[in-house]
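[1] Any chance you can model this:
(one chain, ligands or ions: 3)
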Amino acid sequence: MPPFDMIIRGGRVATASDTVTCDVGIRDGRVAALGRDLGTADDVIDAKGRLVLPGGIDSHVHFAQPSGPGIVMADDFESGTRSAAHGGNTLVMPFCCQEKGQSLRAALKDYHAKAAGKSYIDTSFHLVISDPTPQVLGQELPALVDDGYTSFKVFMTYEGLALNDMQLLEVFSVARETGALVMVHAENYDAIRFLTTRLEASQRTAPKYHATSRPIAVEREATHRAISLAQLVDVPVMIVHVSNGEAMEQIRWAQSKGLKVFGETCPQYLVLTEADLDGLNMEGAKYVCSPPPRDKQSQADCWRGLETGVFQVFSSDHCPFRYDDPAGKLIPKGRTSFRWVPNGIPGVETRLPILFSEGVVKGRITLNQFVALSSTNHAKMYGLHPRKGTIAVGCDADIAIWDPARTARIAAADLHQGSDYTPYEGLEVTGWPVTTIVRGRCVVRDGRLVGAMTHGQHLARDRSPYAVPARQGGLQVG
Ligand code: URP
Ligand code: ZN
Ligand code: ZN
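    Residues are numbered from 1 along each chain as shown. Ligands and ions are numbered 1, 2, ... in the order given. Okay, the predicted model is just below:
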């Protein structure tokens, strides 16, 4: 047998189902052998005392996305994928966001130009459908699903992005026909507009009122409506960034009826609360995201959703802006309220340490659940398994080596992102990824960036196994 390019020696290798101490032999970018005493290689990494895990897959990130006049997202693909790599990720799935009036092909051309040659780790785009014209629905989407863009995101809120129920049904119907998975941002747009107007009229304009303008009922109602609309056309949906137990219970209810409804939650809903938005001066703006963080009970409910399998994926919803910057979180001159604070917080680098520390170390989830929630289920859900998301012979050698005993106090100064703050400043964690390997090459080694930003590839994806195209013999609707 030819020698290996790399051997990771003596670590505890964990997948979503098993944990075993062994060596991992890597050849030509893939896992070539698992076993003891694999011999020698050009590069041998001693992993004794370390965890050897499938590289993190973050299926919900925003990089270089236009975010309104004068606002600049803090991460492009270079800084975003660098930060992700330092956080133990080997693949991220950013959004390619269609502008109103723009064709999806044109949007993809823009985003590929932003990512090409500027990604340290692998990427694969979801499509945001903001303008579901007959051309988009009838021609572009079916062709793009065939080309490997097999998931779309739709919004039920936000100026310029929100789709009405008719439009949602039209997109769902195309997804059903073509075998795509639809991600849904579930918040009631009209209810938010109504509440925002009332708050502003009574001078309640500080960042903390962002949370008041988007209470749990706004999310619960939209979650139930999205599920009902999806049921009408028998399409699988992923309800993203679920923040609380009431919305989660809608998903659990749907799952108990046998509907193909999936759920995602994020670190901000496990460790932040609405009180964080009530900082001095504009500090609360650092935590403005949608849905907003809630309360301790909601945190416990989201943990329950992870523990019991209501949520399949744990993502960051990394949507970074700088704080101390007129192009970031501060309310622009001439504007007066929370309405103008860009929504979104950074988190791609801290997602996995937070889940590991709060989840595995504190005994809420097992190590194997951690792997499933942080990597394997993302690959399965979005059509990349088994090439990605596990450690097995023949799979891409996408691996994160963790020091499970390393303690750290999260600090923006230590992160590798474009944003000048982290909402998790001061949070103490145990366990940190020290080495990140993408298709057999170290991108981060012992905490140092050693990879090239030309290494990351964009991946076309298979259809989600949960999405059976009606045009290929599934249930015909309409
Ligand atoms: O506030 C958030 N979550 N911003 C990112 C955009 C989105 O809705 O995912
Ligand atoms: Zn969203
Ligand atoms: Zn998002």
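
[2] Now do the buried residues in stretch 14-29.
    Residues of stretch 14-29 classed as buried by neighbour count (16 or more other Cβ atoms under 10 Å): 14, 15, 16, 22, 23, 24, 25, 26, 27, 29. C-beta: built from backbone N, CA, C; applies to glycine.

[3] average pLDDT for that stretch?
    What stretch 14-29 shows for mean pLDDT is 98.

[4] so who does the closest residue to residue 319 other than its chain neighbours touch?
    Computed as Cβ to Cβ, 6 or more residues apart in numbering, the closest residue to residue 319 that is not its neighbour in sequence is residue 344, at 2.6 Å. With contacts defined as Cβ atoms under 8 Å, 6 or more residues apart in numbering, the neighbours of residue 344 are 62, 67, 288, 289, 317, 318, 319, 320, 321.

[5] what's the answer for residue 204, then?
    Contact analysis of residue 204 by Cβ under 8 Å, 6+ apart lists residue 212.

[6] Could you report the pLDDT at it?
    97.

[7] swap in residue 470?
    84.

[8] again, but for residue 301
    At residue 301, pLDDT is 99.

[9] if you skip the residues just before and after it, what's nearest to it?
    Nearest to residue 301 is residue 245, by Cβ to Cβ, 6+ apart, at 2.9 Å.

[10] ok, now how distant is that neighbour from residue 151?
    26 Å (Cβ to Cβ, to the nearest Å).

[11] When those two are compared, which one has more neighbours?
    residue 151 (25 against 20; other Cβ atoms under 10 Å).

[12] so the more buried one touches residue 181, yeah?
    Yes. Taking contacts as Cβ atoms under 8 Å, residue 151 lies within contact range of residue 181: 4.6 Å.

[13] what is in contact with these two at once?
    Joint contacts of residue 151 and residue 181 (Cβ under 8 Å, 6+ apart) are 238, 382, 464.

[14] For burial, what's the neighbour tally of the second one?
    What it means is residue 382. 29.

[15] for it, what are its contacts?
    So residue 382 contacts 59, 93, 124, 150, 151, 181, 461, 464 (Cβ under 8 Å, 6+ apart).

[16] thinking the third one is in contact with residue 96, fair?
    What that stands for is residue 124. No. Using Cβ under 8 Å, residue 124 makes no contact with residue 96, being 10.1 Å away.

[17] Run the chain-centre distance for stretch 79-86.
    13 Å (Cα atoms, centre = their mean, to the nearest Å).

[18] Alpha carbons of it, in PDB - could you do that?
    Taking Å, rounded to 0.1, in the frame of the first residue of the first chain, the C-alpha atoms of stretch 79-86 are listed here in PDB:
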ATOM      1  CA  SER A  79     -12.200  36.700   6.800                       C
ATOM      2  CA  GLY A  80     -15.400  34.700   7.200                       C
ATOM      3  CA  THR A  81     -13.800  31.400   6.200                       C
ATOM      4  CA  ARG A  82     -10.600  32.200   8.100                       C
ATOM      5  CA  SER A  83     -12.700  32.700  11.300                       C
ATOM      6  CA  ALA A  84     -14.700  29.600  10.600                       C
ATOM      7  CA  ALA A  85     -11.600  27.500  10.200                       C
ATOM      8  CA  HIS A  86     -10.300  28.700  13.500                       C
END
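
[19] Touching it from outside, list them.
    In contact with stretch 79-86 (Cβ under 8 Å, 6+ apart) are residues 56, 58, 61, 63-64, 75, 92, 94, 118-121, 123, 318, 320, 346, 348-349, 415-418, 433, 436, 438, 443-444, 447, 449, 451, 453, 456.

[20] If you average the pLDDT over it, what comes out?
    99.

[21] Enumerate the residues of the chain near ligand 1.
    62, 185, 241, 289, 290, 317, 319, 343, 344 (Cβ under 6 Å from any ligand atom).

[22] Which residue lies nearest the spatial centre of the protein?
    residue 60 (2.2 Å; Cα atoms, centre = their mean).

[23] May I ask you to confirm that that one is in contact with residue 241?
    Yes. Contact status for residue 60 versus residue 241: in contact at 7.2 Å, counting by Cβ under 8 Å.

[24] hmm, back to that, doesn't the residue nearest to the centre of the chain belong to a helix?
    No. Under DSSP: H, G, I helix; E, B strand; the rest coil, residue 60 sits outside any helix and is assigned strand.

[25] can you map out the strands along the stretch 201-350 of the chain?
    Assigned by DSSP state E, counting those that start in this stretch, the strands in the stretch 201-350 of the chain fall at 237-239, 261-265, 313-314.

[26] Which of those sits closest to residue 295?
    Of all these, the one in closest proximity to residue 295, counting by Cβ to Cβ, is strand 261-265 (14.8 Å).

[27] Quick check: nearest residue in space to residue 78, chain neighbours excluded?
    Counting by Cβ to Cβ, 6+ apart, the residue nearest residue 78 is residue 118, at 4.5 Å.

[28] Who are the contact partners of that neighbour?
    With Cβ under 8 Å, 6+ apart, residue 118 has these contacts: 76, 77, 78, 81, 453.

[29] Can you give me the pLDDT of the residue lying closest to residue 262 once chain neighbours are set aside?
    Distance criterion Cβ to Cβ, 6+ apart; nearest residue to residue 262, sequence neighbours excluded, is residue 238 at 4.4 Å. The model reports residue 238 with a pLDDT of 98.

[30] and the gap between the residue of the stretch 351-478 of the chain at minimum distance from ligand 1 and residue 433?
    Taking Cβ to the nearest ligand atom, ligand 1 has its nearest neighbour within the stretch 351-478 of the chain at residue 423, 11.5 Å off. Relative to residue 433, residue 423 is positioned 20 Å away (criterion: Cβ to Cβ).

[31] what do you get for residue 93?
    19 Å.

[32] neighbour-wise, which of the two wins?
    Legend: neighbour count by other Cβ under 10 Å for residue 93 and residue 433, higher for residue 433 (27 against 22).

[33] Now the more buried one: which helix or strand?
    strand 428-438 (DSSP states H and E).

[34] Tell me the pLDDT of the spatially closest residue to residue 285 that is not a sequence neighbour.
    Excluding its sequence neighbours, the residue lying closest to residue 285 (Cβ to Cβ, 6+ apart) is residue 329, at 4.1 Å. According to the prediction, residue 329 has pLDDT 96.

[35] can you check the one 10 residues further on too?
    Model confidence at residue 339, expressed as pLDDT, equals 96.

[36] And for it, the neighbour number?
    So residue 339, with other Cβ under 10 Å, has 18 neighbours.

[37] So what's the gap between stretch 398-408 and the chain middle?
    With Cα atoms, centre = their mean, you get 20 Å for stretch 398-408.

[38] Convert it to CSV, retaining C-alpha atoms only.
    Extracted in CSV, the C-alpha atoms of stretch 398-408 (Å, rounded to 0.1, in the frame of the first residue of the first chain):
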residue,chain,number,x,y,z
ASP,A,398,-12.4,17.1,6.7
ILE,A,399,-11.3,16.9,10.4
ALA,A,400,-11.1,19.1,13.4
ILE,A,401,-8.7,18.1,16.2
TRP,A,402,-9.9,19.4,19.6
ASP,A,403,-8.1,19.9,22.9
PRO,A,404,-11.0,18.9,25.1
ALA,A,405,-9.3,20.3,28.2
ARG,A,406,-8.3,23.7,27.0
THR,A,407,-10.1,26.5,28.8
ALA,A,408,-10.7,29.9,27.4
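
[39] Look up how far residue 370 lies from residue 307.
    In terms of Cβ to Cβ, residue 307 sits 11 Å off from residue 370.
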